[in-house]
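# any chance you could fold what I've pasted below:
(one chain, ligands or ions: 1)
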Amino acid sequence: MSQFRYLHGAVYIFENAKAQRVKVGMTINNVVDRLGHVNDMWLGRKVTCQICGGRLVNHAGHVPQHRGSGRGCPGGNALPLERDTALAESHLENMTNLLSELSGSEKGSVTRKVRTLAKRIGLYRQYERTAGAWQLSTVFYTACAEQVELLSHEILAERLDKDAPFGEVFCCSVSEATEAVKTALSQLGLLDSARKELNCESPTDLSTGARVRRTRMSGHASKPVGP
Ligand SMILES: [Zn+2]
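Numbers count the residues shown, from 1 in each chain. Okay, here's the model as predicted:
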């Protein structure tokens with residue numbers, strides 16, 4: 001962590017009881033919108049472009065036409081990465097071949113793209129039909145949501161589900177995830193100013209510092225949450 005940024009936001013814990021997974025993430029926007037996006041990806045409504053990795057609402061099982069780097073992305077109208085990797089693999093091969101002809105910053109940029117795409121292909125080769133759906137479990141509103149999220153991920157690092165079709169998914173219980181977020185808040189000196197909400201239905205109020213500070217959670221701090 002090189003910078004300490006003050007980003008008022010929500011560190012959320014989503015639970016997928018059927019898949020026995022939790023997702024720990026942060027947003028400065030609406031948590032329920034974020035949950036909807038996660039379920040769209042998980043349930044396959046949104047699919048992944050083989051070329052650019054964009055997540056788009058599928059059109060009859062295919063990636064819709066879309067723009068990539070200012071032009072029509074060649075991944076449009078093709079099967080998504082969830083269903084086929086042939087297009088992604090030939091794109092990867094073309095980029096890898098291109099590397100020997102490049103130098104300097106151009107080479108660096110293509111090298112990064114090659115690495116990202118190779119990783120993405122690897123992820124979807126192991127992709128299996130996903131179970132259940134995600135639900136909102138717990139949200140912590142805090143002044144430094146980004147740092148709290150990063151530190152929580154470090155604390156839970158060993159439980160990371162590397163095979164999940166998107167990031168920040170952990171093989172642990174909600175209470176373990178909750179403890180990790182609280183430990184992160186505590187280590188960053190933010191526990192007393194954070195506000196915790198369980199299964200909140202309308203988390204539209206996370207932008208104002210006043211509301212974040214309105215209810216302090218020091219009363220809960222010493223008690224672990226649930227079994
Ligand atoms: Zn694309």
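
# if I look at the residue of the chain most remote from its centre, how far off is residue 159?
Using Cα atoms, centre = their mean, the residue of the chain lying farthest from its centre is residue 101. It sits 34.8 Å away. Residue 101 sits 43 Å away from residue 159, going by Cβ to Cβ, to the nearest Å. For glycine as for every other residue, the C-beta is placed from the backbone atoms N, C-alpha and C.

# circling back: for the residue farthest from the centre of the chain, which three-state class applies?
coil (DSSP: H, G, I helix; E, B strand; the rest coil).

# same question for residue 76.
Secondary structure state of residue 76, per three-state DSSP, is coil.

# could you report the neighbour count for the nearest residue to it once chain neighbours are set aside?
Counting by Cβ to Cβ, 6 or more residues apart in numbering, residue 65 is the residue found nearest to residue 76 once chain neighbours are left out, at 3.7 Å. A count of nearby residues for residue 65, using other Cβ atoms under 10 Å, gives 12.

# what does residue 83 give?
17.

# kindly report the same for residue 6.
12.

# residues of the protein that sit close to the ion?
Residues of the chain found near the ion (Cβ under 5 Å from the ion) are 49, 51-52, 54, 68, 73, 75.

# could you dump the residues you listed to TSV with pLDDT?
What follows is the residues of the chain next to the ion, written out as TSV (pLDDT from 0 to 100):
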residue	pLDDT
49	95
51	95
52	93
54	92
68	77
73	95
75	95
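
# which of those residues are buried, as a ChimeraX select command?
Burial among the residues of the chain next to the ion is assessed by 16 or more other Cβ atoms under 10 Å; the matching ChimeraX selection reads:
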select :49,51,52,54,73,75
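
# just the residues of the chain next to the ion: which are in strands?
residue 68 (DSSP state E).

# worst-scoring helix or strand of this structure, pLDDT-wise?
The helix or strand of the chain with the lowest confidence, counting by mean pLDDT, DSSP states H and E, is helix 209-214 at a mean of 34.

# quick one on the thing from earlier: so the residue nearest to residue 76 lies in a helix, does it not?
No - secondary structure of residue 65 (three-state DSSP): coil, not part of a helix.

# in the chain, which helix is the longest?
helix 104-125 (DSSP state H).

# any idea which helix or strand comes after that helix?
strand 135-142 (DSSP states H and E).

# quick one: contacts of that following strand?
Contacting residues not belonging to strand 135-142 are listed as 8-17, 22, 31-32, 35, 148, 174, 177-178, 181-182, 185, 190, 193-200, 203, 206, 211-212, 225 [Cβ atoms under 8 Å, 6 or more residues apart in numbering].

# how about low-confidence regions in the protein?
For the chain, the stretches with pLDDT under 70 are 1-4, 126-129, 200-227.

# show me the domain layout of it.
9-43+134-165+173-221, 46-125 (automatic domain parsing).

# which helices and strands does whichever strand or helix holds residue 15 pack with?
In this structure, residue 15 sits in strand 9-16 according to DSSP H and E. Packing partners of strand 9-16 (3 or more Cβ pairs under 8 Å, 6 or more residues apart in numbering; DSSP states H and E): strand 21-27, helix 31-42, strand 135-142, helix 145-155, helix 174-187.

# these: which one's closest to residue 165?
Set against residue 165 and scored by Cβ to Cβ, the helices and strands packed on strand 9-16 come closest in helix 31-42, at 6.8 Å.

# in that closest one, which residues are buried?
31-32, 34-35, 37-42.
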